[in-house]
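J.: Here is my input, please return the structure:
(3 chains)
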Amino acid sequence: MEFTLHQIAHILHGEVRGDGNQKINMLAKIQDARQGQISFLANPKYEQYVYTTHASAIIVSKDFQPKKDIKASLILVEDPYSSFTVLMEEYHKRISFQKAGVEQPSFFSETATMGNNAYRGAFSYVGNNTRIGDNVKIYPQVFIGDNVTIGNDVILHANVKIYAGTRIGNHCVIHSGTVIGSDGFGFAPQDDGSYKTIPQLGNVIIEDQVTIGANTVIDCATLLGDSTIIRQGVKLDNLIQIAHNVEVGKNTVIAAQTGISGSSKIGENCMIAGQVGIAGHLVIANQTSLGAQAGISKSVTEEGQRLLGYPAFDIKEYFRSYAVFKKLPDVGHRLRDLEKKIAEITPQSVETPNNGQN
Amino acid sequence: MEFTLHQIAHILHGEVRGDGNQKINMLAKIQDARQGQISFLANPKYEQYVYTTHASAIIVSKDFQPKKDIKASLILVEDPYSSFTVLMEEYHKRISFQKAGVEQPSFFSETATMGNNAYRGAFSYVGNNTRIGDNVKIYPQVFIGDNVTIGNDVILHANVKIYAGTRIGNHCVIHSGTVIGSDGFGFAPQDDGSYKTIPQLGNVIIEDQVTIGANTVIDCATLLGDSTIIRQGVKLDNLIQIAHNVEVGKNTVIAAQTGISGSSKIGENCMIAGQVGIAGHLVIANQTSLGAQAGISKSVTEEGQRLLGYPAFDIKEYFRSYAVFKKLPDVGHRLRDLEKKIAEITPQSVETPNNGQN
Amino acid sequence: MEFTLHQIAHILHGEVRGDGNQKINMLAKIQDARQGQISFLANPKYEQYVYTTHASAIIVSKDFQPKKDIKASLILVEDPYSSFTVLMEEYHKRISFQKAGVEQPSFFSETATMGNNAYRGAFSYVGNNTRIGDNVKIYPQVFIGDNVTIGNDVILHANVKIYAGTRIGNHCVIHSGTVIGSDGFGFAPQDDGSYKTIPQLGNVIIEDQVTIGANTVIDCATLLGDSTIIRQGVKLDNLIQIAHNVEVGKNTVIAAQTGISGSSKIGENCMIAGQVGIAGHLVIANQTSLGAQAGISKSVTEEGQRLLGYPAFDIKEYFRSYAVFKKLPDVGHRLRDLEKKIAEITPQSVETPNNGQN
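T.: Numbering: from 1, shown residues only, chains lettered A, B, ... in the order given. Sure thing, here's the model as predicted:
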């Protein structure tokens, strides 16, 4: 990448303060930036660096009022952080190695089809009757089973595994080691204490603009015709468990190592932190926010709640209760003390029904 | 699949009410079923659909007493849910693409052996001296190391990894991405603060009828001759951690993201929910039931307990304590209030030994 | 392996009591050992077996005072457990199948380089401009992207996935299914409720003597030039999540299923148990010890603390509070009882401000 400041300002709908013809060839953090590089100031606590940075240019808010002289040129924008993100994307597009073509050996069923501008890495596998759209990158060692459909502009990183019958939309990214469509965990107890496997005949549907991290697992639905569904715009982190027949609503974001049990339906625009557990057959309202390690054992019906604990309840109340929890030994002492005093001043020396525990 | 109702009734040891020559070609849920499809009624709350469904036939209990007219034909059985499961299995057997033969390229050591009716997918790897039984399906990109033994009727889904020396019984299914036999986590602290790796020389034994989900990990035992053991009929979900030298007892079921630390021995017919953690060197009695996210830090000696919390104790008591936990701020207020009142009515104004905390 | 006792004593800097010419061909636990095998006594509770074992020799402390006759020969050493570990390592080196050479088909970019004494398994993939040192074992189905550097004496087990740009030092071991360098979980919320992906342009650096378990994930850093860093001597277990821009300090040990959120910096020589969660942007002091399932929501500034709970605090205090938590229903009863008594003895019958809850 090499841009002039004018070009960058144009991309960002910003305004240049300084020499618009300067060349910029790299993005960097404001503490580390060197000549020829551009950085940004979003968080006020980094303002000090604006006056000392070696960056050639800094993206700042158009409301920014410098307190000292600044050597670097400035680009004034509405939102410096967003603008910097836009630049990073441009950069990413240009420098990332554009994989294309077919590496051999790879396995592609005679009955499979794939669109234009494809990349299929070595040792990748595409099963029977699978249909893949345009601009799809299949990295090495990816497995795609039979009867899968994949839209356009999808990236499957090395060794993603897609079971038969899965449907994936457009503009999706799935990271290495993730498994889509494995059997739901369904077993019928038998009289002798053993379990019989309930066949898992459904599939997984992943809509558009979904990103899935590494080593995550999404199980298929149980009944034929049913689907585990990840709605448009959902972002899933690494090592997440999504059980059979779950539905994750539009634009919901889920952090690493969270697990959702079978048949639960998560609303839209929820924010679910890491290591959260959600029991089966629940409905979680839109815009629910679940704190890290929360355990959800019943449905959340009111939208926009923030919950914590196991079973989870209002996060502020949780912290208030937890503050007392940390002092519980003291509570025990005070109770005993009160009981003693009461016993002393009670006119008749009635036995207290205290069982002696603190 | 296409059966007549008579044929289905025969399979299910049931009785037809209606035209036994009707053709059935699909299974479906009672709310969704269409003509030519068969459904079932097990849960009374779905009874309304019996009277409105478009299914051609419904499997019902022989004790079922309809309250209105039913258009569909009926098959009367002892247990409608189990019967439907049997049908699903039949269906699964018939429609699932019966993989067979050897796809190339694949790697099969000259010293390995494999029985009849085999499937070996492309890019699968079978190491030296490995012996594999009959009716085994090895999906693409599976890795099987040296000196492994695998019984009959086993399915290893795409990209399962089996380390050298592992022994797997009959009728097992292992899902994609799961790792069997990786090194136990054993390190000896050194005087300089570093750690020295303790070689892990044991193996993993998986008995018959075991099902293991996706991206689960089972470590090998530490000492040569020792084994991490998964007993007959165990069902493991996705993303589970089984450490070195663990033994999981017969017919125990473990849900996703649970972790069992080194050398712990889990009893038979236990039910372990998701995200549970079990410390090392413990013994868990038969038929123990552990609630989601429970933390087990000491052995469970009495059979049949249901536990929750960290450290876990009786689940009912946990919920009783937790009910008070949610009101702890109120407990603090009431204590302070009592202390004030006592101070007021105590004849001599003695200082209370309260340190001022609530 | 076949050694004489003299040879073993020499390796261990120990002293023989008995026939130094005896041949030893196997290591075993003291309860199970047979003739021709050597075992050890470290834990006093196993002393009984010293007098009954069939082992040909036992490694004991030079301070060990037998209470009865011992049939086996002895090797007297400073630390029997460490000595046995040394023997196990020797054994491991000698018996483990020394993989070498290149299995075909495998993919190795024309622009990649690899040192002496290499093993590259079938279906392994090495990308462009990747440089790999001496004595590196790349097991089957390993994926190594472009521009990766790997030092000497590294083992990558079957199907490890290394994204482009990763740097790995010397003497590292990574187990099957682990993913290094996947995208950090970074998304910018948009006005319409959707999220825009923030490109992840940094990399992962793994220093020397690092061991990583199976199916663990380490995300790359966000900004170009930044790195997620795993320092020298770190030991990571299975199914761990390390988010973007995390740094794990030298010789820190982390057990299975723990997750560390973005940009947190973990100190040196920490001991982190399983299923722990650490929030983002925190600093954890050196030698911090975190109990299983702990949740860390703020930085730990004092070194050497032992913490538990969520949010975590001192482990001993946690257990004291938890002891009262288990009796909270009783606390409720006692409070109500006190309130009743106070009401009875209070001169003027003032209403207590108790809202009726227990």
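J.: all helices of the stretch 1-150 of chain A, in order?
T.: A:5-11, A:47-50, A:80-95 (DSSP state H, counting those that start in this stretch).
J.: These: which one's closest to chain B?
T.: helix A:80-95 (27.7 Å; CB to the nearest CB). C-betas here are computed from N, CA, C, even on glycine.
J.: what comes into contact with the closest one?
T.: A:1, A:8, A:11-12, A:14, A:27, A:38-42, A:59-61, A:75, A:77, C:188, C:196, C:198-199, C:201, C:223-224 (CB atoms under 8 Å, 6 or more residues apart in numbering or on different chains).
J.: Just the buried residues from those residues, in ChimeraX please.
T.: Filtering these down to the buried ones (16 or more other CB atoms under 10 Å in any protein chain shown) takes a single ChimeraX command:
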select /A:8,12,14,27,38,39,40,41,59,60,61,75,77 /C:196,198,199,201,223,224
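J.: Quickly list what A:Val60 is bridged to.
T.: A:Leu76 (DSSP bridges).
J.: Let me see the contact set for it.
T.: Here A:Val60 is in contact with A:40-41, A:50, A:74-77, A:80 (CB under 8 Å, 6+ apart).
J.: just those now: which is nearest B:Ser263?
T.: Comparing those against B:Ser263 with CB to CB places A:Phe40 closest, at 52.2 Å.
J.: could you check the distance from the closest one over to chain C?
T.: Separation of A:Phe40 from chain C (CB to the nearest CB, to the nearest Å): 11 Å.
J.: Identify the bridge partners of that residue.
T.: Taking DSSP bridges as the rule, A:Phe40 bridges to A:Ile59.
J.: my read: it touches A:Gln31, true?
T.: No. Counting by CB atoms under 8 Å, A:Phe40 sits too far from A:Gln31 to count as a contact (11.9 Å).
J.: May I see the contacts of A:Val60 arranged in a markdown table, with pLDDT and distance to B:Ala294 as well?
T.: Output for those, formatted as a markdown table (pLDDT from 0 to 100; distance: CB to CB, whole Å):
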| residue | pLDDT | distance to B:Ala294 |
| --- | --- | --- |
| A:Phe40 | 92 | 46 |
| A:Leu41 | 93 | 47 |
| A:Val50 | 94 | 51 |
| A:Leu74 | 95 | 56 |
| A:Ile75 | 95 | 54 |
| A:Leu76 | 95 | 55 |
| A:Val77 | 95 | 51 |
| A:Pro80 | 93 | 46 |
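J.: For A:Pro66, the count of nearby residues, please.
T.: 12 (other CB atoms under 10 Å in any protein chain shown).
J.: residues touching it, list them.
T.: A:50-51.
J.: who touches stretch A:304-320?
T.: Residues outside stretch A:304-320 that contact it (CB under 8 Å, 6+ apart): A:277, A:285-291, A:293-298, A:300, B:292-293, B:322, B:326, B:328-329.
J.: Drop the exposed ones from those residues and show what's left.
T.: So, by 16+ other CB under 10 Å, the buried ones in the contacts of stretch A:304-320 are A:277, A:285-291, A:293-297, A:300, B:292-293, B:322, B:326, B:328-329.
J.: Considering only the residues you listed, which also neighbour chain C?
T.: Among those, the residues within reach of chain C (CB under 8 Å from any CB of the partner chain) are A:293, B:293.
J.: Quick one: the helices in the stretch 251-358 of chain A, in order.
T.: Counting by DSSP H, counting those that start in this stretch, the helices of the stretch 251-358 of chain A are A:315-325, A:328-345.
J.: what about the first one, distance to the chain center?
T.: Helix A:315-325 has its C-alpha centroid displaced from the chain centroid by 27 Å (CA atoms, centre = their mean, to the nearest Å).
J.: Now do the buried residues in stretch A:188-208.
T.: A:194-208.
J.: Hmm, A:Ile24 and A:Ser39 touching each other?
T.: No. Counting by CB under 8 Å, A:Ile24 is not a contact partner of A:Ser39; they are 10.2 Å apart.
J.: which residues are common contacts for these two?
T.: With CB under 8 Å, 6+ apart as the test, A:Ser39 and A:Ile24 both reach A:Ala57.
J.: could I get the contacts of A:Val60 as JSON lines with distance to C:Val253?
T.: Listed next are the contacts of A:Val60 as JSON lines, based on distance: CB to CB, whole Å:
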{"residue": "A:Phe40", "distance to C:Val253": "38"}
{"residue": "A:Leu41", "distance to C:Val253": "39"}
{"residue": "A:Val50", "distance to C:Val253": "41"}
{"residue": "A:Leu74", "distance to C:Val253": "47"}
{"residue": "A:Ile75", "distance to C:Val253": "46"}
{"residue": "A:Leu76", "distance to C:Val253": "49"}
{"residue": "A:Val77", "distance to C:Val253": "45"}
{"residue": "A:Pro80", "distance to C:Val253": "40"}
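J.: Out of those, which is nearest to chain C?
T.: A:Phe40 (10.7 Å).
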